[in-house]
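Asks: only geometry, no sequence info:
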C-alpha cells in the first residue's frame, strides 16, 4: 500500500483527526458593498423594466388564451384525425408553458430590477401576540411599499389578469374529469 502521510514526522501518518484545526467560531464575512442597479438611478430604465414585466405578464395571458383555443375550439370525437389531435396537444402544451413561464419570469424580473435590494438583519425577541401582529402589519405594509405594487398599476393589473386567467385552465380540466364517470 502507498504511504498516505501528510509529511509531518511527529504524527502517525493520518491526514487529519477529528477536532484538529477547528476554528472556534465562524468569521462574519460581512455584506458586499451595495451596487445600485440601472433602474435605481435612471427613471427611464425603471419605466422600461416596468414595461418589460408587464409584457411578460401579457405573454402569460396570451398563453392562457392559446390554451383556451386548443381546449374549446378544437373538438374531438371518434372520427378526429391524428393531425387534429396533435394540433390540440401542441396548443394545450404551448399555452400552459407560456402561461406559467410568463408569470414566473415576470415575477423574477420584477424582483431583480424594481424591488429594492437592500439587506436587513433583525435580532429575535420574545414573542408578544399583540405586538407581533402589529409588527407583522407594519412589515406587510413596508413590503407592499417597497415592491411598488401600489404605485405601479400596470404591473399590478397585468399580474392580476395573468394570475386569474392562469387558474381557469385547471378548472376546465378538472371539470372534464367527471364526464366519463
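Replies: In hand now; what should we look at? Because the structure is predicted, anything quoted here is derived from the model rather than measured.

Asks: Check which residues of the helix or strand bottoming out on mean pLDDT in the chain are buried.
Replies: Scoring the helices and strands of the chain by mean pLDDT, DSSP states H and E places helix 129-147 at the bottom, with a mean of 81. Residues of helix 129-147 classed as buried by neighbour count (16 or more other CB atoms under 10 Å): residue 147. All C-beta atoms are positioned from the backbone trio N, CA, C, and that covers glycine.

Asks: Give the next helix or strand downstream of that helix.
Replies: helix 153-176 (DSSP states H and E).

Asks: which helices and strands sit right next to that next one?
Replies: If contacts are counted by 3 or more CB pairs under 8 Å, 6 or more residues apart in numbering; DSSP states H and E, helix 153-176 sits against helix 43-68, helix 82-113.

Asks: and the shortest one, what's its mean pLDDT?
Replies: If I follow you right, that is helix 43-68. Across helix 43-68, the average pLDDT comes to 94.

Asks: Just give me how far that helix sits from the chain centre.
Replies: Helix 43-68 sits 15 Å away from the centroid of its parent chain (CA atoms, centre = their mean, to the nearest Å).

Asks: which helices and strands does that helix pack with?
Replies: Partner elements for helix 43-68 (3+ CB pairs under 8 Å, 6+ apart): helix 38-41, helix 82-113, helix 153-176.

Asks: what about the second one, average pLDDT?
Replies: Averaged across helix 82-113, the pLDDT comes to 93.

Asks: now do stretch 152-170
Replies: 85.

Asks: in it, what's buried?
Replies: Those would be 152, 155-156, 158-159, 162, 165-166, 169, for stretch 152-170 by 16+ other CB under 10 Å.

Asks: which among those gets closest to residue 93?
Replies: residue 169 (11.5 Å; CB to CB).

Asks: Wait, the closest one touches residue 68, no?
Replies: Yes. If you go by CB atoms under 8 Å, residue 169 and residue 68 touch, sitting 7.2 Å apart.

Asks: overlap in contacts of the two?
Replies: Residues touching both residue 169 and residue 68 (CB atoms under 8 Å, 6 or more residues apart in numbering): residue 95.

Asks: Could you export the helices and strands packed on helix 153-176 to a markdown table, including columns for distance to residue 176 and mean neighbour count?
Replies: Output for the helices and strands packed on helix 153-176, formatted as a markdown table (distance: least, CB to CB, whole Å; neighbours: other CB atoms under 10 Å):
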| stretch | distance to residue 176 | mean neighbour count |
| --- | --- | --- |
| helix 43-68 | 13 | 18 |
| helix 82-113 | 12 | 16 |
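
Asks: which pair in the buried residues of stretch 152-170 spans the largest distance?
Replies: Greatest spacing in these, by CB to CB: 152 and 169 (26.9 Å).

Asks: among the helices and strands packed on helix 153-176, which is nearest residue 175?
Replies: helix 43-68 (13.4 Å).

Asks: what about residue 29, which helix or strand?
Replies: Using DSSP H and E, no helix or strand contains residue 29.
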